[in-house]
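Peer 1: Below: sequence and its predicted model.
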Amino acid sequence: MTHLFVDPADTVGDTLIINGADYNHIKNVLRMKPGDELSVSNGADAREYRYGIEEIREDGIVCRLRFIKEADVELPVKMTLFQGLPKGEKMEWIVQKCTELGVFSIVPVEMSRCVMKLDESRKRKKTSRWQSIAEAAAQQSRRGIVPVVHEPVSMAEAVEMAKAMDVRLLPYERAENGRGTREIFGSIRPGSTVAVFIGPEGGFAPEEVDLAQERADVQPITLGRRILRTETAGMTVLSWLIYTQEIQ
């Protein structure tokens, strides 16, 4: 079934008007007809709204609400990924796959060992591109919300943002306490906010780990005996959260 994200302003009562790119996709690509059903999210809550197409006009598609379903597709915890900026286009892959796995928000972080350097103009363009990828991935995976992708920040700014979160974790190759890591994941309660710091290709500088621990009590954890790529580590944490939070 086709799944869309819409602006709540496009709805009046039980009527939804679809236009723009979604209009063209539904009419000319999918060739949907009156009577066909759409799955819709408004990005503001976890509900799934089912609409039936009533009329396809030249200026928009008129849909009528049929029923509302409690989607229950979001992770029970809200994880924010503080991702050290990787080289090339890896950030696009990270945004796409972490969105599919249930990340709540993504904060690109300019760390000392990052190769990619962005000026203010490129930050805005990259962020807009990443947000579009998050929206497409959320639509594909039928998420109830679209994760927010923030503009890149410094490590110090990221640590300040993480202070407000309930659980703060930093996978680190020098962390060795696997049992402690299992206990940490097992202790995370539904409804918690979780900050996860992932280093770039060159890893964290020791002073960045010290900063995170001293200012925000971020806990270093291990993800196993192997060294994971920067684009793999965040997805691994999300997979663990899926297992501990959703697999009963």
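Peer 2: Received it, and whenever you're ready, just let me know what you need. Residues are numbered from 1 along each chain as shown.
Peer 1: Give the rounded mean pLDDT of the helix or strand Pro108 falls within.
Peer 2: Using DSSP states H and E, Pro108 sits in strand 105-110. When pLDDT is averaged along strand 105-110, the result is 98.
Peer 1: Name the next helix or strand downstream of it, please.
Peer 2: Helices and strands here follow DSSP H and E; after strand 105-110, the next one along the chain is helix 120-140.
Peer 1: Next, the angle strand 105-110 makes with that following helix.
Peer 2: With axes from the mean of the first three to the mean of the last three Cα atoms, to 10 degrees applied, the angle from helix 120-140 to strand 105-110 works out at 150 degrees.
Peer 1: and after helix 120-140, which helix or strand comes next?
Peer 2: Sequence-wise, the next helix or strand downstream of helix 120-140 (DSSP H and E) is strand 148-149.
Peer 1: Strand partners (parallel or antiparallel) of the strand holding Pro108?
Peer 2: strand 78-84 (parallel), strand 148-149 (parallel), strand 153-154 (parallel) (DSSP bridges).
Peer 1: Tell me the buried residues in the lowest-mean-pLDDT helix or strand in the chain?
Peer 2: Here the helix or strand of the chain ranked lowest by mean pLDDT, DSSP states H and E is helix 178-187, holding a mean of 84. The neighbour-count check on helix 178-187 (16 or more other Cβ atoms under 10 Å) flags 181, 185 as buried. Where C-beta positions appear, they are placed from N, C-alpha and C, glycine not excepted.
Peer 1: Report the next helix or strand after it in sequence order.
Peer 2: Using DSSP H and E, the next helix or strand after helix 178-187 towards the C-terminus is strand 193-198.
Peer 1: Send me that following strand as CSV with only the CA atoms.
Peer 2: Output in CSV follows, covering the C-alpha atoms of strand 193-198 (Å, rounded to 0.1, in the frame of the first residue of the first chain):
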residue,chain,number,x,y,z
THR,A,193,15.8,9.3,25.3
VAL,A,194,19.1,7.9,24.2
ALA,A,195,22.2,9.7,22.9
VAL,A,196,24.7,7.6,20.9
PHE,A,197,28.0,9.1,19.7
ILE,A,198,29.7,7.5,16.7
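Peer 1: Out of the strands paired with strand 105-110, the one nearest Arg57 is which?
Peer 2: Smallest distance to Arg57 across those (Cβ to Cβ): 32.9 Å, for strand 148-149.
Peer 1: Three-state assignment for Glu55, please.
Peer 2: For Glu55, the secondary structure call by DSSP: H, G, I helix; E, B strand; the rest coil comes out as strand.
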